[in-house]
Structures are given as structure tokens and as C-alpha cells.
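K.L.:
Could you work out the structure for the sequence below:
(one chain, ligands or ions: 1)
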Amino acid sequence: MFKNVIVKTPSKSYLNGLTTSDLGKPVYSLLLDQHEAYVEALKSCGVEVTHLPESEEFPDSTFVEDAAVVTPEFAVIANPGAESRNGEKEEIKSVLHNFYKKFHFINAPGTLDGGDVLQAENQFYIGISERTNWDGAEQLKAILESEGYEATIIELKEFFHLKTGIAYLGNNTVAVSGEFVDHPAFDKYEKIIVPSEEEYSANCIKVNDYVIVPKGFDGTVQKLADAGYQTIELEMSEFQKHDGGLSCLSLRF
Ligand code: CIR
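P.N.:
Got it, this is the predicted structure:
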């Protein structure tokens with residue numbers, strides 16, 4: 001069960017943030033509405049929300065997940081791979097001091113984005129991406145193993161971040177899409193297969209008794225319902241325009 005989440009209001013500078021998509025310019029008022037609905041959905045899952053104010057100097061900082069990796073016992077302060085985002089880790093570190101005594105750090109030349117890290121019980125998966133390099137991934141693997149966890153490094157072929165294409169849903173089950181559907185690393189799990197036309201919804205989050213899913217992906221919602229999950233659907237269009245998904249918008253622990 002998660003007790004806490006950290007979220008951060010998107011700033012106006014978000015409109016000038018990083019993106020690889022061609023879905024158009026985000027609309028700030030819609031972005032704020034969607035973020036507010038996200039926070040309300042988390043509250044309805046029974047978690048305590050720590051809500052950070054916006055930072056104009058960090059356009060992408062609403063995607064708090066990338067600045068840290070959190071576990072029940074300790075926090076790892078990441079070293080985000082995009083230069084314009086690297087400084088986001090300072091605020092996240094100071095906020096996490098309210099919750100954790102034990103910290104580890106990813107250090108240069110290692111880079112790591114939290115979006116490249118998936119926890120499935122005692123097992124972590126770490127993606128090598130445009131943002132996370134081998135050095136960063138190996139540092140995290142060593143940290144996790146020193147703490148009694150297992151960690152597997154996976155080289156991404158197409159996905160932006162590891163969690164762009166996979167979510168752990170408890171009960172030995174993952175939602176998977178694209179290059180992960182047949183990836184041998186995930187063979188041991190029950191799979192909810194998200195077809196390519198619904199790929200964006202593979203980035204869903206299980207928060208206590210609910211799976212939060214982006215709105216507009218009826219096939220995924222149906223498969224989750226068939227597998228016995230209760231779902232909450234949220235409009236995510238303005239975050240999708242900047243490569244962001246549901247997991248990116250919070251740290252959950
Ligand atoms: C970025 O390029 O860093 C942001 N526009 C999107 C980050 C999404 N984060 C995530 O998938 N964990």
C-alpha cells in the first residue's frame with residue numbers, strides 16, 4: 001500500500017518544455033485542470049498528497065518521478081539526463097528529507113531518470129534510454145542489490161522511458177506494450193497486452209485498490225476490468241503532448 005505521494009503543479013514555462021511529440025502546443029488552463037483531477041484521483045486512492053508549487057525555472061518539473069527513485073526503505077536521488085532538468089533533483093531531495101532517513105545518489109558521469117525505473121515487488125528493472133546511461137543504471141543496480149533487491153538492466157529500442165511501455169499492477173501482473181510484449185525479461189509475469197494503437201495507456205499506475213489509466217483507451221480499460229481491476233480514467237492530453245504520462249506526475253511510496 002502507498003501512503004504518500006509527491007506531486008508538483010505545472011508552471012507556465014511547461015509550454016516551452018521538452019517534447020518529441022507532434023501533438024501540438026499544450027493549453028495551460030487544460031493542463032492545470034488535468035493536474036487537479038490527477039491529484040483528486042490520487043486522494044481517492046487513499047494517499048496523503050504533498051503538493052509542491054510550480055517552478056518557472058524548470059519547465060518539465062511537474063514530472064517529479066524523474067528526479068528520484070523511492071522504495072519503502074530509502075530514496076535514491078537520480079541524476080536526470082536532460083540538462084535543463086538536472087537541477088530538479090535539489091527540491092525533490094529536500095522534500096524527501098521529510099520522509100526518509102536513508103539516501104543514495106546517482107553521480108555523474110552516470111545519468112538516470114526515475115521514469116526508467118520500474119519496481120515489481122523485490123525486483124527492479126532499469127532502462128537504458130536517451131536519459132539513462134549505462135553508468136547510471138549500473139550505479140542504481142549496485143545500490144539496489146546492496147539493499148537486498150534484485151535489478152535487471154534493459155536496453156530500450158524505441159520507448160522514451162522504460163515506464164512508457166510497462167506498468168506493474170501487483171499480483172505478478174504487468175501491462176505491457178510494444179518492444180516489451182515479447183521481451184524475455186517479463187516472461188515470468190501475467191501480461192495485460194496493450195496493442196500499439198493504445199500504447200500510451202501502458203503507462204498506467206496501480207495506487208492501492210485502483211489502476212489509474214489515461215482516458216480514451218477503452219481496450220485497455222476493458223482488459224483491466226476483465227482481469228478484476230477497478231479503474232479510474234483521467235484525461236491526459238496536455239501531458240501527452242510533452243511525452244508525459246500518469247506515472248511521471250508523482251512519486252509514490
Ligand atoms: C521530458 O522530456 O523530460 C518531459 N517532457 C517528459 C518526462 C516524462 N517523464 C516520464 O516519462 N517519467
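K.L.:
Show me which positions of stretch 166-183 end up buried.
P.N.:
Going by neighbour count (16 or more other Cβ atoms under 10 Å), the buried part of stretch 166-183 is Ile166, Ala167, Tyr168, Leu169, Thr173, Val174, Ala175, Val176, Ser177, Gly178, Phe180, Val181. Using the backbone N, CA and C atoms, a C-beta is placed for each residue, glycine as well.
K.L.:
How far off centre is stretch 29-49?
P.N.:
15 Å (Cα atoms, centre = their mean, to the nearest Å).
K.L.:
okay, it in PDB with CA atoms only?
P.N.:
Extracted in PDB, the C-alpha atoms of stretch 29-49 (Å, rounded to 0.1, in the frame of the first residue of the first chain):
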ATOM      1  CA  SER A  29      -5.700  26.000 -18.400                       C
ATOM      2  CA  LEU A  30      -6.500  22.500 -19.500                       C
ATOM      3  CA  LEU A  31      -3.100  21.300 -18.200                       C
ATOM      4  CA  LEU A  32      -4.000  22.700 -14.700                       C
ATOM      5  CA  ASP A  33      -7.400  21.100 -14.800                       C
ATOM      6  CA  GLN A  34      -5.900  17.800 -15.700                       C
ATOM      7  CA  HIS A  35      -3.300  18.100 -13.000                       C
ATOM      8  CA  GLU A  36      -6.000  18.900 -10.400                       C
ATOM      9  CA  ALA A  37      -8.100  15.900 -11.500                       C
ATOM     10  CA  TYR A  38      -4.900  13.800 -11.100                       C
ATOM     11  CA  VAL A  39      -4.400  15.000  -7.600                       C
ATOM     12  CA  GLU A  40      -8.100  14.300  -6.700                       C
ATOM     13  CA  ALA A  41      -7.800  10.800  -8.200                       C
ATOM     14  CA  LEU A  42      -4.800  10.100  -6.000                       C
ATOM     15  CA  LYS A  43      -6.600  11.300  -2.900                       C
ATOM     16  CA  SER A  44      -9.500   9.000  -3.700                       C
ATOM     17  CA  CYS A  45      -7.000   6.100  -3.700                       C
ATOM     18  CA  GLY A  46      -6.300   6.900   0.000                       C
ATOM     19  CA  VAL A  47      -2.900   8.500  -0.200                       C
ATOM     20  CA  GLU A  48      -1.600  11.700   1.600                       C
ATOM     21  CA  VAL A  49      -0.600  14.200  -1.100                       C
END
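K.L.:
Go through it and flag the buried ones.
P.N.:
Leu31, Leu32, Gln34, His35, Tyr38, Val39, Ala41, Leu42, Cys45, Val47.
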